[in-house]
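Q: next input, structure requested:
(2 chains)
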Amino acid sequence: MRRRVLWTIALAALTLGLAACSGSDLPQDTFDPAADTAQKQKDILIPVLWVAAAVFIVVEGGIVLIAIKYRHRRGHDRIPAQIHGNTRLEIGWTIAPAVVLAFVMVPTISLIWELAERPPDAMHVSAKGYQWWWGFEYTDPEMAVTYGSNGPIVTANVMVVPLGRTVDISVEAAGGLISGLGPDGEPNPDFAVIHSLWAPRLFGKQDAVPGKPAHIVFTPNETGTFWGQCAEFCGLQHGIMKFRIVVMEPAAFEAWAENQRQPAVAPTDPLAKTGLDLFLNGAGNGSCVACHAVGGTDATSPAGPDLTHFADPSRECFAGCNFANTDVEALKAWLRDPNAVKLGAKMPNYQLSEEEVEALTAYLMSLT
Amino acid sequence: MSTVSLRTSEGIVRRPMATTGWWSWFTTVDHKKIGILYGVSSFIFFLVGGLEALLIRAQLYQPDGTLLNADQYNQVFTMHAVTMIFLFVMPMSAAFFNYFIPLMIGARDVAFPRLNAFSFWAFLLGALFLNSSWFLGGAPNGGWFGYAPNSTTDLTAGMTFYALGLLITGIASTAGAVNLAVTVVNMRAPGMSLFRMPVFVWMGLVVQLLLAFSLPIITVALVEMLADRRWDTAFFDPVRGGDPILWQHLFWLFGHPEVYILILPAFGIISEIIPVFSRKPLFGYQFVVFSGIAIGFIGFGVWAHHMFAAGLGPVANTAFAVSTAIIAIPTGVKIFNWMATMYGGDLRLASPMLFSIGTVTMFVIGGLSGVTHSVVPSDYQQTDTYYVVAHFHYVLFGGAVFGLFGGLYYWWPKVFAHHLNEAMGKTHFWLMIVGFNLTFGPMHVLGLQGMIRRQYTYPEALGLTFWNQAATAGSFLIAVSVLLFVVNVVVSSRRAKELEHEDPWDARTLEWMTSSPPPAHNFDQIPTVGSVDEYWHRKYAEDEEGRVVRVPAGAAPPYDEGHAGSGGHGIHLPGPSFWPLVAAFGLPLIGYGIIYTWWLVGAGVVVMLVGFYGWALEPSVAD
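A: Numbering: from 1, shown residues only, chains lettered A, B, ... in the order given. Down below sits the predicted model:
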């Protein structure tokens, strides 16, 4: 009787679970795909889940029924027939699962190869994992910037792509360029370690292995802002190594790209001008340009996030998407002491004065 | 018997003689006492690992949890896995193998009793060494899988403790594996051919061979990790010509057989319990045995399914998808045979049987989600999410831990000569299975909804709060059920009544032929074995119409050899020894020495050498 109750509970839980999986609007729901790759990865799982559900019901139901039907009854001592086995049955339940699995394997293998294909006309972006944020570089020639040595457009924490365009992401591990200082002044370098790029509604994971670039290909079929995060444990702040992929209509994307090709706007506001000066020439007891680049200025270090268009509306978030870019107070808190708001962050506490924090904030918020 | 009645010959140091008293636990070489030592210490580590699990669940109870910070969380989840795998399930399995393999094959002890003691002490000291890191600057924080280069570049000493601690416990497991494998191969009672061995002993043999072949691989990997961390080598540093993927291959080439090292003992246990409580022989004995062996072999060929997202390419991913699917077949064969054993039986649903049924039903769920992992494109989505966390907890908690609890309830009267309270046992089972499913069932959903593993916090916007709260509630229900087990152990031993029968479950195998607890020499007479389930066949025969009838008591076959009626006198048994403990004590000294100061390494080596020489030159005991 209690088994039957349990059985009911299990079924109810299963139903609830399946209900919870479908039709939600959760930002990282793998069952709500918005690109061909995630769609295929979902579509191949669903029939397998049905097969698994059927096996589940037959086997678990069988065990529960047997346990109820043949349970010992008080006062009915009996010694059952001593059956040692049955070769036909054994062969049967060896072959049956093999056949089922063969049916599962055929589409699996074909999709493995399909997803490994790299169409030649795709847009190329390299995604670089640092401790603990993602940088994106648009490596196609038409995506070069107009300043400096005409390198690729570089963004941090956010990748912007046009709707319907196939994107070929080269997933790489970067880092190893910073020997920052931790909260107690101990060394806190940015190591090149393994990360994994994952945007559940767009594509499954690809690990970023140092020295071994690998690829993800996907074509978004819905506009919007899609969430992603690093999926391979990569050290202290693995939990807050998130990113966004913004999918725009092609025209909007072209306007975005045009803005990104330009150098940073020169500040006009006096406070922001002070901020620029601090940024380039040192603030507190440290230097911003040791790690950060701002296009069109002398700041060109590739070690930390590129800040050229820090306040562009597409730049959703900063510090591994821990904070919204529009959150000025969060930015000030970050500048005061990065480790206080994100333990282990590689940006040192430069003991900035409140005036310096205000000026740098004004400058950063002017970089549209 | 307070001392072994043996004469001590000349030697440098007197050999310890006491077999009772607290000191005897440090010098014992009796496989039964060592089994109990393994059981008690691994259960304590189960409680430690459980506390770590509760910390994880408490942290994740709500979004933006602040109970633990990122640093503490990484240590806790790493040590939860390391503790549960290396300090609980493996040594708890070793406890069962140690205690019952000799009894079930009709042997007086294991092949190398002092090596057995060394294994235990090396395990315990290695475990304490690992956990001492909590107080010495922080526990390991790179995950139990320790992926390089994150694990080799981290600046805290945690992962050095990890490498050294697992090397020490690995030495313990290797010595134990060789010992038990030799025992099974060489020390079976007359007439016990390989295919008359109980399935538990078979699974024991398979597990020892898996250990013997897989531990060298992790040993190589750990030494390389240690060298990268401590001596600036570059095995896993791509900038200097190393390869981070090398670590993954080595780790998982050990790590996947390890999964079967963890689960096959439980499969062996329930393959004993289900027939006894169904009053039927195990259905398809040979098929269950061969599928266990097949799992052992194929288990070495599926490791890269942990690495589908690592970028090995479509050829490798295809090959390992197929091998992963194939390993489901022998596993399924076992499930069907257990079902067929129950079918038509007279099922006594006592605690051991409930936990065994729990093992089968929960393992099926883990097996089915395991098959979905072989669908590689879909695994790109599920890997490193809570879907995988759900999967392997259904396999290792639902499978292994339920099975181990089944074994505890089943063999408790054999070891301690009293039953555990049955009502509390049943309550334990129902609380645990409900708590277990409430904890890990929702994790399937969480994973599919995009919750990654090993993140110390999640934002409310991900919409994961409800199922996380359900999982946390479930984990505390599991904790209550484990507490109830502890209470049961205490209460049952306080109110212990003598067993009415030496054979309370009407069992089938040799360990129940001797007294409970068994004498130091196990059997007055070594039984001669004529069939699988020898003891059952001594109790039951078929009458003229093919019905099974009980053989009158005292009508045991007269052909057993040995020292009938001697009460154990004149049987050669190895004497106690403290040298294994001394030798094992050198290992953590070397470990601390590698971390802190070289002279301690020298001291550790000297202690080990003293231990081994004392061991080798120890006066023999013989009559």
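Q: give me the beta-bridge partners of the residue in the stretch 501-623 of chain B that chain A sits nearest to?
A: Nearest residue of the stretch 501-623 of chain B to chain A: B:V548, at 4.5 Å (C-beta to the nearest C-beta). For every residue, glycine as well, the C-beta is placed using N, CA and C. Judged by DSSP bridges, the bridge partners of B:V548 are B:E542.
Q: so what's it up against?
A: A:I79, A:Q82, B:Y540, B:A541, B:E542 (C-beta atoms under 8 Å, 6 or more residues apart in numbering or on different chains).
Q: poorly predicted segments of chain B, please.
A: By pLDDT under 70, the low-scoring segments of chain B are B:1-14, B:544, B:546, B:553-570, B:621-623.
Q: care to break it down by domain?
A: The record's domain parsing of chain B by automatic domain parsing lists B:30-553, B:579-623.
Q: pick the most buried one from those domains.
A: Among the domains of chain B, domain B:30-553 has the highest mean neighbour count (mean count of other C-beta atoms under 10 Å in any protein chain shown), at a mean of 21.
Q: who's in contact with the closest residue to A:A116 other than its chain neighbours?
A: Leaving aside its chain neighbours, A:A116 sits nearest to B:P314 (4.3 Å; criterion: C-beta to C-beta, 6 or more residues apart in numbering or on different chains). Neighbouring residues of B:P314 by C-beta under 8 Å, 6+ apart: A:I112, A:W113, A:A116.
Q: what helix or strand does the first one sit in?
A: What that stands for is A:I112. Assigned by DSSP states H and E, A:I112 belongs to helix A:87-116.
Q: hmm, B:G474 is touching B:T439, no?
A: Yes. Judged on C-beta atoms under 8 Å, B:G474 makes contact with B:T439 at a distance of 3.3 Å.
Q: next up, phi/psi of the residue most central in space within chain A, please.
A: Nearest to the mean C-alpha position of chain A, counting by C-alpha atoms, centre = their mean, stands A:Q229 at 2.4 Å. The phi/psi pair for A:Q229 (degrees, to the nearest 10) reads phi -160, psi 160.
Q: distance of it relative to A:E354?
A: Separation of A:Q229 from A:E354 (C-beta to C-beta, to the nearest Å): 33 Å.
Q: got it, and A:I46?
A: 56 Å.
Q: next, the residue located most distally from the centre of chain A: phi, psi?
A: Centroid-distance maximum for chain A: A:G75 at 62.2 Å, with C-alpha atoms, centre = their mean. In terms of degrees, to the nearest 10, the main-chain angles of A:G75 are phi 80, psi 0.
Q: what's the separation between it and chain B?
A: 12 Å (C-beta to the nearest C-beta, to the nearest Å).
Q: specify the local secondary structure of A:L335.
A: Assigned state for A:L335: helix (three-state reduction, DSSP: H, G, I helix; E, B strand; the rest coil).
Q: enumerate every residue touching the residue nearest to it when sequence neighbours are not counted.
A: In this structure, A:L335 finds its nearest non-sequential neighbour in A:V357, 4.9 Å apart by C-beta to C-beta, 6+ apart. Residues near A:V357 by C-beta under 8 Å, 6+ apart: A:K332, A:L335, A:R336.
Q: now the residues you listed in CSV, with pLDDT?
A: Listed next are those as CSV, based on pLDDT from 0 to 100:
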residue, pLDDT
A:K332, 97
A:L335, 96
A:R336, 95
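Q: what about stretch A:52-62, distance to the chain center?
A: Centroid displacement of stretch A:52-62 relative to its chain, using C-alpha atoms, centre = their mean, to the nearest Å, is 35 Å.
Q: that stretch near chain B anywhere?
A: Yes. Using C-beta under 8 Å from any C-beta of the partner chain, we find that stretch A:52-62 touches chain B at A:A52, A:V55, A:F56, A:V59, A:E60, A:G62.
Q: is it fair to say the second one lies in a helix?
A: Yes. Inclusion of A:V55 in a helix is indicated when three-state DSSP is applied.
Q: so the closest residue to it other than its chain neighbours is in which element?
A: Nearest in space to A:V55, with sequence neighbours left out and distances taken as C-beta to C-beta, 6+ apart, is B:L368 at 6.2 Å. Using DSSP H and E, B:L368 falls within helix B:351-373.
Q: wasn't A:D168 part of a helix?
A: No. A:D168 is assigned strand when assessed by three-state DSSP, not a helix.
Q: give me the distance between it and chain B.
A: Between A:D168 and chain B the computed distance is 14 Å (C-beta to the nearest C-beta).
Q: give me every residue that touches the nearest residue to that residue once chain neighbours are set aside.
A: In space, and not counting its chain neighbours, A:D168 is closest to A:A122: 3.8 Å by C-beta to C-beta, 6+ apart. Counting by C-beta under 8 Å, 6+ apart, A:A122 touches A:R165, A:T166, A:V167, A:D168, A:V217.
Q: just the buried residues from the residues you listed, in PyMOL please.
A: Restricted to buried positions by 16 or more other C-beta atoms under 10 Å in any protein chain shown, the PyMOL selection for these reads:
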select buried, chain A and resi 166+167+168+217
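Q: want to throw the contacts of A:A122 into CSV with pLDDT and distance to B:R495?
A: Converted to CSV, the contacts of A:A122 look like this (pLDDT from 0 to 100; distance: C-beta to C-beta, whole Å):
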residue, pLDDT, distance to B:R495
A:R165, 97, 75
A:T166, 97, 72
A:V167, 98, 70
A:D168, 98, 71
A:V217, 97, 68
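Q: from the contacts of A:A122, pick the one nearest A:V246.
A: Distance to A:V246, by C-beta to C-beta, is smallest for A:V167 among those, at 12.2 Å.
Q: so that closest one touches A:T219, yeah?
A: Yes. With contact defined as C-beta under 8 Å, A:V167 counts as touching A:T219 (7.2 Å).
Q: where does the stretch 51-200 of chain A dip in pLDDT?
A: Counting by pLDDT under 70, the stretch 51-200 of chain A has low-confidence residues at A:182-183.
Q: and chain A, what are its domains?
A: For chain A, automatic domain parsing gives the domain ranges A:2-72+A:80-116, A:122-368.
Q: what are the phi and psi values for A:V294?
A: phi -130, psi 120.
Q: nearest to chain B: which residue in the stretch 151-300 of chain A?
A: Going by C-beta to the nearest C-beta, chain B is nearest to A:G204 of the stretch 151-300 of chain A, at 2.7 Å.
Q: now do the helices in the stretch 1-150 of chain A.
A: Counting by DSSP state H, counting those that start in this stretch, the stretch 1-150 of chain A has helices at residues A:2-21, A:36-69, A:87-116.
Q: rebuild those helices as TSV, extending it with mean neighbour count.
A: Shown next, in TSV, are these (neighbours: other C-beta atoms under 10 Å in any protein chain shown):
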stretch	mean neighbour count
helix A:2-21	14
helix A:36-69	17
helix A:87-116	16
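Q: all strands for the chain, in order.
A: No chain was given, so I picked chain A. A:123-130, A:133-138, A:153-156, A:158-162, A:167-173, A:179-181, A:187-189, A:195-199, A:203-208, A:214-218, A:224-229, A:242-248, A:317-318, A:323-324 (DSSP state E).
Q: should've been chain B
A: For chain B, the strands defined by DSSP E cover B:7-8, B:525-526, B:540-542, B:548-550, B:561-562, B:621-622.
Q: can you list the neighbours in contact with stretch A:207-214?
A: Outside stretch A:207-214, the residues that touch it by C-beta under 8 Å, 6+ apart are A:126-129, A:170-173, A:192-197, A:206, A:232, B:149, B:238-239, B:243-245, B:309-311.
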